[in-house]
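Novice: my questions concern the predicted model and sequence given below.
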Amino acid sequence: MTLTNRNAMRKSDLREANQRLLLNIIRQHPVSRADIVRITGFSASSVTFVVNRMIKQGLLSESRSAGPAQVGRRPLLLRLQPGSLLAAGVEIARSEARVAIADVNGVILKQRTVPWHPDHHIFLVRVRETIRGLVATLASGRLLGVGVSLAGTIDRTAGHVVAAENLGWLDVDAGSILSHGSAEPFYFENDAKSRALAERWFCPPGAKQLDNFVFVALRPGLGTGVISDGRLLHGAFGAASEFGHTSLYPDGRRCVCGGIGCWEEYAAQRSLERLYCEKRRAAHQPQSDPAGTDVDEIIRLARNGSPLALDVLREIATYLGMGFLNLNAAFDPEAIVVGDYLASAWDLMKDWVWETMRARTAQQHLSHLRIIPSIHGNDSALKGALALVLSDFFTEYAPPAAKSTPRKTAHSRRSH
């Protein structure tokens, strides 16, 4: 390859990166060409060239803003054309799989559900056919890729499930089954990590993006996804931040992973349901449903004042608080984002969680920490699958880092 050809490729790559950067800025909120020049520092001629090309490609539209102009005419604002770029997302869970097509803002346009089947190959083939059916309805060239959120330890480059004990899967080539015969790129990620990505990527308009936080998923096991300095933490082999399988009690319960005393066995959804059944039997209370009581019913009972249900939530809150202290000590996050049953029952449980944490550590170690429910509710894993595609396509703009202000001495952790 000649030097000229290499330079041409580099210019092409640069144009592509600049286009994706501008698209991401416009994706987040409508802006004018002058705004883009100010935000990026690009020359006005460069911005005009890239913007005009994207308008011709049907990616952008340009129209006057609706609000009153401060001086002269209202500015022309650039917006992404609805449906110009799309992503497919797949959430694989124990009860079912959900397949969706969404726009770049995560607005779901089409969705299908695939019932669970105990044979993983039959199940995954059905999911694959559902993906193909939805993709076939789209205009050519609009789909950016397919993101897949999977539980357990996975090889995210290939979608190979090493171990997903809560699904009953070991050594399952999910990625190769799902992507077989497809031209679209596929992206795979662990469930909790993808849900953390969703919280960052689909941030509400005007809200500050979280750069350092931990997402805690609690259905049916317990998984954690860590965003550190704006990036997902994967570790050397992709299995970093599996805090659900850190030991809370050295002589505790045997976990489905084979470990002993794992945090998951004390704070996950299935642990809450098991504890409720145990306490009900101990109290000799009748059980109308021989299969047990699910978490939604337990929370409903607690809201209606059931002493037993409230007692269970309080005990689980203690285990949650102990685990959150470990997360805070390990990552020093600005926030811990909670999903699933804890998000829906946070108003009931938050005081008990904080009570546990404050009783076990100095207040200065908690002074900067927030614990907040997920903004995406039951859609967080599906939104995370979509975010896998979009975060790969779009280029984020990173302004020059401001000089950090040292924290007060009182907040620094001392060696022990």
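Specialist: Looks like it arrived, so ask away.

Novice: now residue 198, what are its backbone angles?
Specialist: Dihedral angles of residue 198 (phi, psi; degrees, to the nearest 10) stand at phi -60, psi -40.

Novice: was I right about it contacting residue 378?
Specialist: No - with contact defined as Cβ atoms under 8 Å, residue 198 does not reach residue 378; the gap is 11.8 Å. From N, CA and C alone the C-beta is placed, and that goes for glycine too.

Novice: so for those two, which residue has more residues nearby?
Specialist: In terms of neighbours (other Cβ atoms under 10 Å), residue 198 is the more surrounded of residue 198 and residue 378; the figures are 31 against 14.

Novice: residues contacting the more buried one?
Specialist: Remark: with contacts taken as Cβ atoms under 8 Å, 6 or more residues apart in numbering, residue 198 is in contact with 106, 376, 380-381, 383-384, 386-387.

Novice: next one: residue 338
Specialist: 215-216, 218, 346, 371-374.

Novice: returning to what we had before: determine which two of the contacts of residue 198 are furthest apart.
Specialist: 106 and 381 (12.6 Å; Cβ to Cβ).

Novice: what about these two, which has more around it?
Specialist: Using other Cβ under 10 Å, the more surrounded residue of residue 106 and residue 381 is residue 381, with 27 against 20.

Novice: pLDDT (mean, whole number) over the helix or strand where that one lies?
Specialist: Using DSSP states H and E, the element containing residue 381 is helix 380-393. Mean pLDDT, helix 380-393: 95.

Novice: just stretch 85-97 next, same as before
Specialist: Averaged across stretch 85-97, the pLDDT comes to 95.

Novice: list the buried ones in that stretch?
Specialist: Within stretch 85-97, the residues scored as buried using 16 or more other Cβ atoms under 10 Å are 85-93, 97.

Novice: quick one: pLDDT of residue 309?
Specialist: pLDDT at residue 309 comes out at 96.

Novice: flag the shaky bits of the stretch 51-200 of the chain, pLDDT-wise.
Specialist: Across the stretch 51-200 of the chain, the ranges flagged by pLDDT under 70 are 66-72.

Novice: hmm, 90 instead?
Specialist: 58, 63-75, 81-83, 94, 104-105, 139-142, 152, 165-166 (pLDDT under 90).

Novice: which stretches of it form helices?
Specialist: For the stretch 51-200 of the chain, the helices defined by DSSP state H, counting those that start in this stretch occupy 120-135, 174-179, 191-201.

Novice: could you dump these to TSV with distance to residue 21?
Specialist: As requested, the helices of the stretch 51-200 of the chain are exported to TSV (distance: least, Cβ to Cβ, whole Å):
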stretch	distance to residue 21
helix 120-135	27
helix 174-179	28
helix 191-201	15
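
Novice: mean neighbour count, the ones you listed: which tops it?
Specialist: helix 191-201 (a mean of 27; mean count of other Cβ atoms under 10 Å).

Novice: and the helices of the stretch 51-200 of the chain: which comes nearest residue 62?
Specialist: Judged by Cβ to Cβ, the one of those that comes nearest to residue 62 is helix 191-201, at 25.2 Å.

Novice: just checking, next helix/strand downstream of the closest one?
Specialist: Immediately after helix 191-201, counting by DSSP H and E, sits strand 213-217.

Novice: what does that next one rub up against?
Specialist: 191-193, 195-196, 199-200, 222-227, 241, 243, 323-324, 327, 331, 333-340, 342, 374, 380-381.

Novice: partners of the helix or strand just after it in the sheet?
Specialist: Following strand 213-217 in sequence order, the next helix or strand is strand 223-228 (DSSP H and E). Strand 223-228 sits in its sheet next to strand 213-217 (antiparallel), strand 231-232 (antiparallel), going by DSSP bridges.

Novice: and the shortest one, average pLDDT?
Specialist: What that stands for is strand 231-232. 92.

Novice: identify the residues contacting that strand?
Specialist: Contacts for strand 231-232 (Cβ under 8 Å, 6+ apart): 189, 193, 196-197, 225-226.

Novice: from the chain's centroid, how far away is it?
Specialist: Centroid separation between strand 231-232 and its chain, computed with Cα atoms, centre = their mean, to the nearest Å, is 11 Å.

Novice: CSV for the contacts of residue 338, including neighbour count, distance to residue 44 and pLDDT?
Specialist: Output for the contacts of residue 338, formatted as CSV (neighbours: other Cβ atoms under 10 Å; distance: Cβ to Cβ, whole Å; pLDDT from 0 to 100):
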residue, neighbour count, distance to residue 44, pLDDT
215, 30, 40, 97
216, 28, 46, 97
218, 25, 50, 95
346, 15, 48, 97
371, 23, 45, 98
372, 15, 41, 96
373, 17, 43, 96
374, 24, 41, 95
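
Novice: just the closest of those to residue 63, please.
Specialist: Using Cβ to Cβ, the contacts of residue 338 come closest to residue 63 at residue 374, 34.2 Å.

Novice: bridging residues for the nearest residue to residue 386 once chain neighbours are set aside?
Specialist: Distance criterion Cβ to Cβ, 6 or more residues apart in numbering; nearest residue to residue 386, sequence neighbours excluded, is residue 89 at 3.9 Å. Judged by DSSP bridges, the bridge partners of residue 89 are residue 100, residue 147.

Novice: residue 89 touches residue 389, doesn't it?
Specialist: Yes - with contact defined as Cβ under 8 Å, residue 89 reaches residue 389; the gap is 7.3 Å.

Novice: quick check: neighbours shared by those two?
Specialist: Common neighbours of residue 89 and residue 389, counting by Cβ under 8 Å, 6+ apart, are 146-147.

Novice: follow-up on the earlier one: need the buried residues of stretch 85-97 in TSV with distance to residue 146, can you?
Specialist: Formatted as TSV, the buried residues of stretch 85-97 follow (distance: Cβ to Cβ, whole Å):
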residue	distance to residue 146
85	14
86	11
87	8
88	4
89	8
90	7
91	12
92	12
93	17
97	12
